[in-house]
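Colleague: below is the structure, and that's it, no one-letter string:
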């Protein structure tokens with residue numbers, strides 16, 4: 001079966017700590033797709049984060065940024081670690097990642113929150129609350145409280161200090177992330193919940209107004225609801241399955257997506273995508289990465305869970321590479337692998353069972369993917 005008519009380029013930025021280990025398994029999946037399904041994906045390695053700082057004294061070079069412009073998607077492992085905490089702020093590993101997000105105006109952050117049936121008992125909530133959970137949080141990523149001006153720490157009238165951050169959104173910034181969320185909801189269950197604080201914030205009032213106006217003008221087929229973000233936080237732990245797609249601003253998205261992440265049982269299961277405008281081909285350019293950090297305490301020990309990075313590959317296939325069938329195959333292979341009881345250490349209760357290694361999980365997923373070919 002051939003999936004690709006042209007070569008697609010993916011910039012592979014393995015990063016630091018466990019990044020190279022989990023990325024190694026993600027690249028194995030891509031190589032398998034090329035060999036078995038003629039996917040036509042070219043992987044191009046480069047440095048990002050601490051490893052780039054170690055070699056080039058910057059967290060990302062101009063050459064890497066230029067290389068990214070020639071690619072269809074960026075795949076990142078994890079960046080950072082304690083050894084870089086003394087580096088100047090502008091040169092810390094995370095600044096390289098932020099530079100890429102800013103350079104390509106990746107304004108929509110997607111975090112799928114999926115609880116695989118085999119892991120329902122690993123959640124901090126009761127299994128009957130999280131079983132079958134499949135929602136997506138869309139967070140506006142490049143504006144709002146984290147970027148608004150004025151900001152800073154200034155002398156106050158009392159002779160002490162005042163800290164200022166400005167919640168600022170334009171209609172255009174709200175509309176573009178709302179449009180992305182509506183299109184995503186239209187491709188799923190046609191349900192979108194917008195979370196804001198329109199009851200106490202003028203920026204929230206504008207957020208709600210723009211969402212409603214866009215819905216009425218172009219997306220009347222999508223069921224739009226509005227919810228205050230504090231109530232949304234409660235509802236996510238009370239009844240998370242009531243949601244399909246959630247869209248919210250930068251601050252609330254940061255908080256709510258981290259809260260929702262714990263519903264699935266392990267950070268090692270959570271991919272993410274940061275996406276910008278569609279290209280002329282009709283696909284989104286995006287940066288795809290696992291939610292987890294670089295975990296330097298287990299780096300180099302072949303213990304890390306690679307599933308979040310592999311699921312990030314699936315997201316890249318779906319949104320940037322026009323290979324939805326490949327994404328479905330990978331997700332089905334992971335579901336099958338977990339159903340068979342294959343677990344890395346983070347997915348096992350303490351002192352219970354024998355975990356597989358990072359490579360062992362990759363082996364199991366590839367074997368399950370071979371079995372899935374019979375269904376294509």
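Modeller: Nice, I can see it. Quick caveat: nothing in here was measured; it's all calculated off a predicted structure.
Colleague: what about the helices in the stretch 151-300 of the chain?
Modeller: 171-187, 202-218, 229-238, 250-261 (DSSP state H, counting those that start in this stretch).
Colleague: now those in a markdown table, with mean pLDDT?
Modeller: Converted to a markdown table, the helices of the stretch 151-300 of the chain look like this (pLDDT from 0 to 100):
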| stretch | mean pLDDT |
| --- | --- |
| helix 171-187 | 97 |
| helix 202-218 | 98 |
| helix 229-238 | 97 |
| helix 250-261 | 92 |
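Colleague: of all those, which lies closest to residue 279?
Modeller: Nearest of those to residue 279, taken as C-beta to C-beta: helix 171-187 at 14.0 Å. No exception for glycine: its C-beta is placed from N, CA and C like everyone else's.
Colleague: that older thread, among the helices of the stretch 151-300 of the chain, which comes closest to residue 59?
Modeller: Among the helices of the stretch 151-300 of the chain, the nearest to residue 59 by C-beta to C-beta is helix 250-261 (21.1 Å).
Colleague: any stretches of the protein with poor pLDDT?
Modeller: Counting by pLDDT under 70, the chain contains low-confidence residues at 1-6, 351, 376.
Colleague: give me the residue at the spatial middle of it.
Modeller: Among the residues of the chain, residue 272 comes closest to the average C-alpha position under C-alpha atoms, centre = their mean, at 1.0 Å.
Colleague: who's the residue lying closest to it once chain neighbours are set aside bridged to?
Modeller: The shortest distance from residue 272 to any non-neighbouring residue, by C-beta to C-beta, 6 or more residues apart in numbering, is to residue 111 (4.9 Å). Beta bridges link residue 111 to residue 137, judged by DSSP bridges.
Colleague: before we move on, back to that, save the helices of the stretch 151-300 of the chain as JSON lines, and put in mean neighbour count and distance to residue 307 too.
Modeller: JSON lines is the format used below for these (neighbours: other C-beta atoms under 10 Å; distance: least, C-beta to C-beta, whole Å):
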{"stretch": "helix 171-187", "mean neighbour count": "19", "distance to residue 307": "22"}
{"stretch": "helix 202-218", "mean neighbour count": "17", "distance to residue 307": "33"}
{"stretch": "helix 229-238", "mean neighbour count": "16", "distance to residue 307": "22"}
{"stretch": "helix 250-261", "mean neighbour count": "20", "distance to residue 307": "14"}
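Colleague: mind putting those helices in CSV, distance to residue 155 included?
Modeller: Conversion of the helices of the stretch 151-300 of the chain to CSV gives the following (distance: least, C-beta to C-beta, whole Å):
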stretch, distance to residue 155
helix 171-187, 31
helix 202-218, 26
helix 229-238, 32
helix 250-261, 26
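Colleague: ends of stretch 331-348, what's the gap?
Modeller: Taking C-alpha to C-alpha, to the nearest Å, the first and last residues of stretch 331-348 lie 20 Å apart.
Colleague: just stretch 116-123 next, same as before
Modeller: Taking C-alpha to C-alpha as the measure, stretch 116-123 stretches 10 Å from start to finish.
Colleague: list the buried residues in that stretch.
Modeller: 116, 118-120, 122-123 (16 or more other C-beta atoms under 10 Å).
Colleague: farthest pair within those residues?
Modeller: Looking at the buried residues of stretch 116-123 by C-beta to C-beta, the two members farthest from one another are 118 and 123, with 11.8 Å of separation.
Colleague: which residues of this protein fall in strands?
Modeller: Counting by DSSP state E, one finds strands in the chain at the ranges 8-15, 41-46, 73-78, 108-114, 134-140, 148-155, 161-166, 191-196, 223-228, 245-248, 271-278, 284-290.
Colleague: fine by me, thanks again.
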